[in-house]
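Undergrad: I need the structure of the sequence given here:
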Amino acid sequence: MDETSQNVYRENVELIDTLRSHKQELDEFQKLKDYLSRLIATTNNEKELNEILIKEKVEQILKQNNQIKEFKDKIQLLENSLTQFINEFDLERKNLLDQARIEHESSRDEIIKLQRTLELKTKEMNQIKKLAKIIIDQRTQVETFFLDALQHVKKQITMNRLQYRKDAFNAYQNRMLSAHQGQGDYPRIRTFNETFHGYSTNSVFHDLEEATKW
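TA: Take a look at the predicted model:
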């Protein structure tokens, strides 16, 4: 009996040690499980946050792509308009030169007037071509710059018209003086005052209106 009791006692001691070891392993596994659970939760949160950020980035990129496409369409439209405008002016310029050559034999004064008008138009178009090149080079500021360019061209047209009136008046005075000195015929009566423009058949303002039509 003593030997049996001793064997039972030893077995109990070994069993207790085994249970203690299993309990310690179980505690370690539980700690590992808790750590992994927290890690999984953190990973899931980061995953959701990344998905939200990726979705926002995708939406932002799509929006930017749409804006870029709209800008490209606007730029292409402006380029086409400028190209068409320049081509039409080149054709108009050629027609004016042909008409000027035909009318040279009938009236030298009319040729001078047409040449002046052509010079004005050429200067205006040179300004427009320069402005068009700047517009194409600076596409991101196309609309604002184009409006500024048009205002500048209008100002140049006004200045050129004033200069034309001045030159035409001086030429008229010189012909009158030459006729008075017996060096030529008196020119037709010419109106330089806008007040009497509607009553005169030979007015400098009529020349400007014809130039505008061309």
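
Undergrad: check which helix or strand covers T158.
TA: Element membership of T158, judged by DSSP states H and E, is helix 142-180.

Undergrad: and that helix, what does it pack onto?
TA: helix 2-103, helix 108-137, helix 204-213 (3 or more CB pairs under 8 Å, 6 or more residues apart in numbering; DSSP states H and E). Just so you know, the C-beta spots here come from the backbone N, C-alpha and C atoms, and that holds for glycine as well.

Undergrad: Switch those over to a markdown table; also include mean neighbour count and distance to D148.
TA: Shown next, in a markdown table, are the helices and strands packed on helix 142-180 (neighbours: other CB atoms under 10 Å; distance: least, CB to CB, whole Å):
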| stretch | mean neighbour count | distance to D148 |
| --- | --- | --- |
| helix 2-103 | 11 | 14 |
| helix 108-137 | 15 | 9 |
| helix 204-213 | 15 | 22 |
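
Undergrad: looking at those helices, which has the lowest confidence?
TA: The minimum mean pLDDT among these belongs to helix 204-213 (a mean of 60).

Undergrad: ok, now which ones touch the nearest residue to T122 once chain neighbours are set aside?
TA: Leaving aside its sequence neighbours, T122 sits nearest to R93 (CB to CB, 6 or more residues apart in numbering; 7.1 Å). With contact set as CB atoms under 8 Å, 6 or more residues apart in numbering, R93 has these partners: L118, K121, T122, M125.

Undergrad: Closest one of these to M159?
TA: K121 (14.2 Å; CB to CB).

Undergrad: That closest one and L96 touch, don't they?
TA: Yes - using CB atoms under 8 Å, K121 is in contact with L96, at 7.4 Å.

Undergrad: Quick one: closest of the helices and strands packed on helix 142-180 to L147.
TA: helix 108-137 (10.5 Å).

Undergrad: so how far is that closest one from its chain's centroid?
TA: 24 Å (CA atoms, centre = their mean, to the nearest Å).

Undergrad: circling back to that earlier point, what's the closest of the helices and strands packed on helix 142-180 to F145?
TA: helix 108-137 (5.6 Å).

Undergrad: Between helix 2-103 and the closest one, find me the angle.
TA: Interaxial angle, helix 108-137 versus helix 2-103 (axes from the mean of the first three to the mean of the last three CA atoms, to 10 degrees): 180 degrees.

Undergrad: any idea how far the closest residue to S178 other than its chain neighbours lies from A168?
TA: Excluding its sequence neighbours, the residue lying closest to S178 (CB to CB, 6+ apart) is G184, at 4.7 Å. For G184, the distance to A168 under the criterion CB to CB, to the nearest Å works out to 17 Å.

Undergrad: Repeat that for D34.
TA: Counting by CB to CB, the separation of D34 from A168 is 100 Å.

Undergrad: likewise N45?
TA: 84 Å.

Undergrad: how many neighbours does N160 have?
TA: Neighbour count for N160, taken as other CB atoms under 10 Å: 19.
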